[in-house]
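Q: Have a look at this prediction, sequence included:
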Amino acid sequence: METLADAEQRELIEPQSRLMLEGVLRMADQTAGDIMVAGPRMDLLDIAEPYDEMLASMIETGHSRFPVFDGERENIIGILHAKDLLKLQRAPELNLRTLLRPPVFVPESKNLNELLRDFRVNRNHIAIVIDEFGKVAGLLTIEDVLEQIVGEIEDEFDDRSDETGIYTLADGGQRVAGDATIDAVNTNFGTNLPIDAFDTIGGLLAHELGRVPRRGESVDIGGLRFVVMLARSGAVRWFKVTRVPEPAPPA
């Protein structure tokens, strides 16, 4: 790391090259358990769900692949691709179970270098992480591994509104960078979040929670719900932001 920093200082390598090389070096010491999405925060589909509910879940989360369970969340029986679910629209007589891809299970201790090689060789994009007792601990994707090297990978279907770090997602929600200014968030959402003590939305929410929120956690403030999409190096990189639902009127 010191050699890379020196090389950048002497303008032998570009800053972005240094960051990528550091990511490669760090990845050698990381395992699946270090970067996985924890089990309780996994987006899963129930094989018994009606087609419309499955489709709604896919649209809401924006994922292209989903672990599918039968009976209980621990019993993952396969991976369903969004494009395969759409086949049922044309051929409703198909059995959904026949569309499932075999799940890949890896231990929490699996080295990321080895996992990336397995992803490439086996052409898998998602793996279910299990703990030492054989229970589902979480999941990760090939994108999660690659982001350790190249940083956040933007979705080509996202519509970036401008340089404020605020994107419109396919489901109508907004993706907001952790370093987006509070003023930009207020302008975009028409809110009045305080701008006196903090410059960035990530700093404000960390203050409200009393710590840096973890991936999957949510914070409600000023009528907005911030759900952590990506947290790394002690900071939130991306939030998904939606309006807090209005309370139901009393019966």
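A: Okay, I see it. As the structure is a computational prediction, the values presented were derived from the model and not from experiment. Numbers count the residues shown, from 1 in each chain.

Q: residue boundaries of the helices in the protein?
A: Here the chain has its helices, by DSSP state H, at 2-9, 15-27, 32-35, 51-61, 82-85, 87-90, 112-122, 142-150, 182-189, 201-209.

Q: would you turn those into JSON lines with distance to Gly173?
A: Backbone N, C-alpha and C define where each C-beta goes, glycine included. Formatted as JSON lines, the helices of the chain follow (distance: least, Cβ to Cβ, whole Å):
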{"stretch": "helix 2-9", "distance to Gly173": "37"}
{"stretch": "helix 15-27", "distance to Gly173": "28"}
{"stretch": "helix 32-35", "distance to Gly173": "23"}
{"stretch": "helix 51-61", "distance to Gly173": "9"}
{"stretch": "helix 82-85", "distance to Gly173": "17"}
{"stretch": "helix 87-90", "distance to Gly173": "24"}
{"stretch": "helix 112-122", "distance to Gly173": "28"}
{"stretch": "helix 142-150", "distance to Gly173": "19"}
{"stretch": "helix 182-189", "distance to Gly173": "11"}
{"stretch": "helix 201-209", "distance to Gly173": "15"}
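
Q: Just send those back as TSV, with mean neighbour count too.
A: Converted to TSV, the helices of the chain look like this (neighbours: other Cβ atoms under 10 Å):
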stretch	mean neighbour count
helix 2-9	12
helix 15-27	14
helix 32-35	19
helix 51-61	14
helix 82-85	15
helix 87-90	11
helix 112-122	15
helix 142-150	17
helix 182-189	18
helix 201-209	20
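
Q: I'd like to know which of those helices is closest to Glu246.
A: Closest to Glu246 of the helices of the chain is helix 182-189 (Cβ to Cβ; 15.4 Å).

Q: Between helix 201-209 and the closest one, find me the angle.
A: Interaxial angle, helix 182-189 versus helix 201-209 (axes from the mean of the first three to the mean of the last three Cα atoms, to 10 degrees): 100 degrees.

Q: can you pull out the strands in the stretch 101-250 of the chain?
A: Using DSSP state E, counting those that start in this stretch, the strands assigned to the stretch 101-250 of the chain run over residues 105-107, 126-130, 136-141, 159-160, 166-168, 174-177, 218-221, 224-232, 235-243.

Q: Adjacent strands (with direction) for the first one?
A: By that I understand strand 105-107. Note on strand 105-107: by DSSP bridges, its sheet partners are strand 126-130 (parallel).

Q: For the strand it pairs with, output the C-alpha coordinates as CSV.
A: This file holds the C-alpha atoms of strand 126-130, laid out as CSV (Å, rounded to 0.1, in the frame of the first residue of the first chain):
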residue,chain,number,x,y,z
ILE,A,126,-25.0,-15.3,-7.2
ALA,A,127,-24.0,-17.5,-4.3
ILE,A,128,-25.7,-18.4,-1.0
VAL,A,129,-23.4,-18.1,2.0
ILE,A,130,-23.7,-20.7,4.7
